[in-house]
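>>> Just need the structure, nothing else, for what follows:
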Amino acid sequence: MGRLHIHVFGRVQGVGFRYACCREARALRLTGWVRNRPDGSVEIVAEGSPAALKTFEDWCRQGPSWADVERVTVTPEPTRGEYLSFEIG
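Okay, the predicted model is just below:
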């Protein structure tokens with residue numbers, strides 16, 4: 001198991017990014033959350049298998065087709081196992 005703290009920058013608010021992100025994370029059986037930040041970015045915490053997290057990180061770098069991802073920062077963190085599902089915050 002692993003955990004990633006991800007920030008996605010660009011045109012990622014008001015385009016359904018969080019909903020698409022949640023759908024992708026659930027399909028990969030990840031747990032955690034996604035939320036909009038006041039600076040216009042999207043913040044994500046995801047936990048799951050290393051393979052699923054890699055796939056999810058790659059997806060975040062592209063986002064849904066209507067988003068325009070300019071930059072992504074990814075910080076690995078210790079797994080905490082505190083989430084039961086993936087939610088939109």
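>>> Spatially nearest residue to the residue nearest the centre of the chain, not counting backbone neighbours?
Closest to where the C-alpha atoms of the chain average out (CA atoms, centre = their mean) is residue 44, at 4.1 Å. Spatial nearest neighbour of residue 44, excluding adjacent residues (CB to CB, 6 or more residues apart in numbering): residue 6 at 4.2 Å. To be clear about C-beta, it is placed using only N, CA and C from the backbone, and glycine gets the same treatment.
>>> Check what pLDDT the closest residue to residue 36 other than its chain neighbours gets.
Excluding its sequence neighbours, the residue lying closest to residue 36 (CB to CB, 6+ apart) is residue 13, at 5.2 Å. On the pLDDT scale, residue 13 is placed at 97.
>>> ok, back up a step: neighbours of the residue nearest to residue 44, just the number please.
22 (other CB atoms under 10 Å).
>>> try residue 72
Around residue 72 there are 20 residues (other CB under 10 Å).
>>> mind checking the SS state of the residue nearest to residue 36?
coil (DSSP: H, G, I helix; E, B strand; the rest coil).
>>> I'd guessed it sits against residue 38; true?
No - using CB atoms under 8 Å as the test, residue 13 is too far from residue 38 to be in contact (10.1 Å).
>>> Distance of the residue nearest to residue 36 relative to residue 63?
Here the criterion is CB to CB, to the nearest Å. By it, residue 13 lies 11 Å from residue 63.
>>> Between those two, which is the more surrounded one?
Remark: of residue 13 and residue 63, residue 63 carries more neighbours, 22 against 16, as counted by other CB under 10 Å.
>>> mind checking pLDDT for the more buried one?
Note on residue 63: pLDDT of 96.
>>> And the one 4 residues further on, by the same measure?
Each residue has a pLDDT score; the one for residue 67 is 97.
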